[in-house]
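Enquirer: My questions concern the predicted model and sequence given below.
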Amino acid sequence: MYKVIIIAILLVSVKVSAQNSLAVESVDSITYQCYLKGDWQRLILVGDSAIKQHIDFKFLRQRMGFAYFIKADYYKSLYQYEKALKFDKTDINTRTYLYYCGLNTGNDIYTRYRGGQLPKEQQQSFGIKSFRIVNSVDVEYNYKMNDNVKRGNPSYLRGGINSELGYRLNLYQTGSTYVQNNDSSSIRQNEYYALLNWTISPHINWGIGYHYMNSKVLEKYSYNTYSDTYEPITVTDTLDLRLRGNMLFSKLTYTLNRFDFTLTGSVLTHDSAVLSGTILKFDSIKLTQQYGIHVGYSFPGKLNIYLKSSLYGLFETDNNKLLINKHLIFTQTAGLLFFKKLWVEGNVTLGYLKNYSDNNGLYIYNSLDPTKFRIGITTYWKIVPNISLFVNYTYDKKLIEKYNTNYNQHSLSSGIIWKL
């Protein structure tokens with residue numbers, strides 16, 4: 001009896017295996033003919049139908065990936081080629097198109113990771129190098145204009161270099177200067193920023209950054225006294241303030257096709273030095289912690305529309321570790337490919353921006369007056385393959401805390417990014 005059951009099971013297994021084999025051969029033949037004829041839509045339809053029936057193999061995924069690539073749907077192409085890679089991790093064709101998909105989706109980190117997996121001959125042909133001490137340089141200039149007579153018009157100048165320290169390791173460094181002359185004070189702040197990125201896997205990236213600020217503030221003040229002849233007089237003097245800040249920043253990003261999720265955190269310490277007579281007295285006055293969660297999505301279509309939402313929690317403590325300020329800050333960003341090689345991006349920020357850090361800690365908004373509302377628009381123009389220009393306009397509603405009065409500030413920025 002048991003022998004009969006075993007023989008029956010074996011016969012059924014052989015029959016099912018034969019049917020699956022015929023189904024795979026049929027799908028393989030049809031999709032290959034579609035590939036040869038360039039019938040990409042039918043190839044995709046047959047492939048989707050086969051996968052729903054649990055028919056899946058390397059060449060099917062490769063053909064579907066190529067079909068989506070020809071149709072310029074690079075995210076779906078990337079997804080199919082990653083599925084193909086699971087069948088054969090050494091396939092050069094799959095790795096090559098994963099590299100191309102990274103290029104066409106603008107994901108430099110993913111592109112570098114996949115480029116590092118290509119054979120040396122291909123790397124040389126594509127101009128891929130493991131190490132570049134200077135891979136790109138960028139320069140930015142910003143000028144702000146406001147409608148408050150007590151506040152001067154600030155300016156900001158920044159220059160940076162990007163270094164590739166390996167296929168999975170990247171270092172960006174920049175130095176900047178901020179200058180503002182007000183009715184009774186003069187401010188100059190010099191800054192240094194560095195961000196080291198490590199690609200843990202094709203979809204996971206971790207970064208750690210450091211931002212240093214050194215400010216010199218000359219504050220004019222007046223006091224009443226008496227002359228040598230005991231006549232009352234008013235004397236004007238200048239107080240020399242030295243302010244320093246150190247910030248540590250970290251981020252963890254997970255990318256899943258059109259979605260990306262990021263967690264960020266930073267800790268900023270504020271040091272100061274006040275000139276009292278001829279003695280500089282140093283004192284650590286504040287600690288600012290900021291934590292953020294960011295979600296982004298790129299929509300399909302020729303306009304390449306993308307959205308990114310960010311929510312931050314900002315907490316300030318004094319010398320006694322007592323919480324003195326806490327704020328929620330929300331930023332919404334939207335962008336699209338307006339014309340060929342011309343990107344347009346808009347953003348709006350809601351919240352109390354005092355000692356707030358943005359763009360992976362690159363910008364720290366620690367100016368004299370905090371911002372209550374911000375909206376801006378940026379255009380990026382790729383004039384040649386290696387050179388891009390950008391222009392930005394931003395409007396801020398600012399607050400003078402001492403008098404609880406608002407004023408308007410308009411900001412214009414321009415810059416250039418040159419990949420060497």
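Expert: Okay, I see it.

Enquirer: for this structure, what are the low-confidence residue spans?
Expert: Regions of the chain meeting the criterion pLDDT under 70 cover residues 1-22, 221-223, 226-230, 235, 237-238, 271-285, 320.

Enquirer: what does the domain assignment say about it?
Expert: Under the assignment automatic domain parsing, the domains of the chain span 21-124, 132-419.

Enquirer: State the distance from the nearest residue to residue 168 once chain neighbours are set aside to residue 63.
Expert: Using C-beta to C-beta, 6 or more residues apart in numbering and skipping residues adjacent in sequence, the residue nearest residue 168 is residue 199, 4.1 Å away. Every residue, glycine included, has its C-beta placed from N, CA and C. In this view, residue 199 and residue 63 are 29 Å apart by C-beta to C-beta, to the nearest Å.

Enquirer: Now the helix or strand encompassing residue 66: buried residues?
Expert: Using DSSP states H and E, the element containing residue 66 is helix 58-70. Of all the residues in helix 58-70, those buried under the rule 16 or more other C-beta atoms under 10 Å are 58, 59, 60, 61, 62, 63, 64, 65, 66, 67, 68, 69.

Enquirer: so the fifth one makes contact with residue 81?
Expert: Which is residue 62. Yes. Under the contact definition of C-beta atoms under 8 Å, residue 62 touches residue 81, with a separation of 7.0 Å.

Enquirer: and the residue nearest to residue 168, what helix or strand is that in?
Expert: strand 185-201.

Enquirer: now swap in residue 123 and tell me
Expert: Short version: residue 123 belongs to helix 120-126, going by DSSP H and E.

Enquirer: Any idea how far that helix is from the middle of the chain?
Expert: 28 Å (C-alpha atoms, centre = their mean, to the nearest Å).

Enquirer: Dump it to CSV, keeping only the CA atoms.
Expert: What follows is helix 120-126, C-alpha atoms only, in CSV (Å, rounded to 0.1, in the frame of the first residue of the first chain):
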residue,chain,number,x,y,z
LYS,A,120,38.5,46.7,-13.9
GLU,A,121,38.3,47.0,-17.6
GLN,A,122,34.8,48.4,-17.5
GLN,A,123,35.7,50.8,-14.6
GLN,A,124,38.6,52.2,-16.8
SER,A,125,36.2,52.5,-19.8
PHE,A,126,33.6,54.3,-17.8
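
Enquirer: Need the contact partners of that helix.
Expert: 92, 96, 99, 115, 118, 128, 129 (C-beta atoms under 8 Å, 6 or more residues apart in numbering).

Enquirer: Can you name the residues bridging to residue 315?
Expert: residue 289, residue 326 (DSSP bridges).

Enquirer: can you pull the contacts of it?
Expert: 288, 289, 290, 323, 325, 326 are the contacts of residue 315 under C-beta under 8 Å, 6+ apart.

Enquirer: So which residues of the stretch 51-200 of the chain form helices?
Expert: 58-70, 74-87, 92-104, 108-115, 120-126 (DSSP state H, counting those that start in this stretch).

Enquirer: Can you lay out these as CSV showing distance to residue 135?
Expert: Below are the helices of the stretch 51-200 of the chain laid out as CSV (distance: least, C-beta to C-beta, whole Å):
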stretch, distance to residue 135
helix 58-70, 26
helix 74-87, 23
helix 92-104, 15
helix 108-115, 10
helix 120-126, 15
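
Enquirer: what secondary structure does residue 393 sit in?
Expert: Per DSSP: H, G, I helix; E, B strand; the rest coil, the secondary structure class of residue 393 is strand.

Enquirer: who touches it in this structure?
Expert: Residue 393 neighbours (C-beta under 8 Å, 6+ apart): 376, 377, 410, 411, 412, 413.

Enquirer: Can you pick out the most distant pair from the residues you listed?
Expert: 377 and 410 (12.3 Å; C-beta to C-beta).

Enquirer: Longest strand in this structure, please.
Expert: strand 232-256 (DSSP state E).

Enquirer: Buried residues of that one, list them for me.
Expert: 241, 243, 244, 245, 247, 249, 251, 253, 255.
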